[in-house]
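Student: this is a predicted model, with the sequence first.
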Amino acid sequence: MSEALITAKVLHDCGHINLRGRRNDAAFVAAVESVCATSLPQALTTAASGDLRIYWLGPDEWSLVTTAEKTAALLAALNGATAGMHVAVNDLSAAFVTLALGGSKVRELLAKGCTIDLHPAAFASGACAHTGLAKAGVLLALQHVEFRLIVRRSFADYLLQWLHRSGAEYGIEFV
């Protein structure tokens, strides 16, 4: 077992799908939930089913993250299930990088560069929010005890360098 108080990992095997549709359209919601085998999350929350994580981005927008291997099939299934509806389903896999952060001091590290309240009472498991982290825009989510950061690919190297420098006092370990 590592002595590091924080571990960080780039999740290379992620596919990202952006989904837009009307939350109040029962047919849209039913079609998406049938394909995803889980409910669409409400404001500032996430949902998960197997390898799929769904992040709420706005009243009519969600980010679906799954393995790269399953992305094309999920994209096709969503397009098929929502055909003829007022929706947008787009593969954005090449645009984003997903990082996983864990450990006993991860909230302290994130608080160094993030302005949202990360106290467990304010940001509990299942929460997500768009925020700035060290001047980079990220989607920050918490699933159980692991934080996920989804960042634009163009900011990924910068953010990794910031994590390395800012996490040094905690013995951050990149795995």
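Tutor: On my side now, so go ahead.
Student: residue at max distance from the center of this structure?
Tutor: Computed with CA atoms, centre = their mean, the residue of the chain farthest from its C-alpha average is G84, at 28.0 Å.
Student: quick check, that one in a helix?
Tutor: No - according to DSSP: H, G, I helix; E, B strand; the rest coil, G84 belongs to no helix; its state is coil.
Student: for F28, see how far away it is.
Tutor: Going from G84 to F28 by CB to CB, to the nearest Å gives 11 Å. C-betas here are computed from N, CA, C, even on glycine.
Student: am I right that E33 is in a strand?
Tutor: No - looking at E33 with three-state DSSP, it is helix, so not inside a strand.
Student: can you pull the pLDDT of it?
Tutor: Listed pLDDT for E33 reads 98.
Student: for the one 4 residues further on, same thing?
Tutor: According to the model's per-residue confidence, A37 sits at a pLDDT of 98.
Student: cool, and P41?
Tutor: 98.
Student: ok, now T115?
Tutor: Listed pLDDT for T115 reads 89.
Student: likewise M1?
Tutor: 42.
Student: what do you get for the one 5 residues further on?
Tutor: In this prediction, I6 carries a pLDDT score of 98.
Student: that one - nearest residue in space that isn't next to it in sequence?
Tutor: Distance criterion CB to CB, 6 or more residues apart in numbering; nearest residue to I6, sequence neighbours excluded, is G103 at 3.9 Å.
Student: next: A88.
Tutor: Using CB to CB, 6+ apart and skipping the chain neighbours, the partner closest in space to A88 is R20 (4.2 Å).
Student: the one you found and V87 touch, don't they?
Tutor: Yes - proximity of R20 to V87 meets the contact threshold set by CB atoms under 8 Å, at 6.3 Å.
Student: which of those two has more neighbours?
Tutor: V87 (19 against 15; other CB atoms under 10 Å).
Student: looks like the more buried one contacts N18 (just checking).
Tutor: No - under the criterion of CB under 8 Å, V87 makes no contact with N18, lying 10.8 Å away.
Student: next, count neighbours for the residue lying closest to V145 once chain neighbours are set aside.
Tutor: Spatially, and ignoring its direct neighbours in sequence, V145 is nearest to G102 (6.1 Å; CB to CB, 6+ apart). Around G102 there are 16 other residues, counting by other CB under 10 Å.
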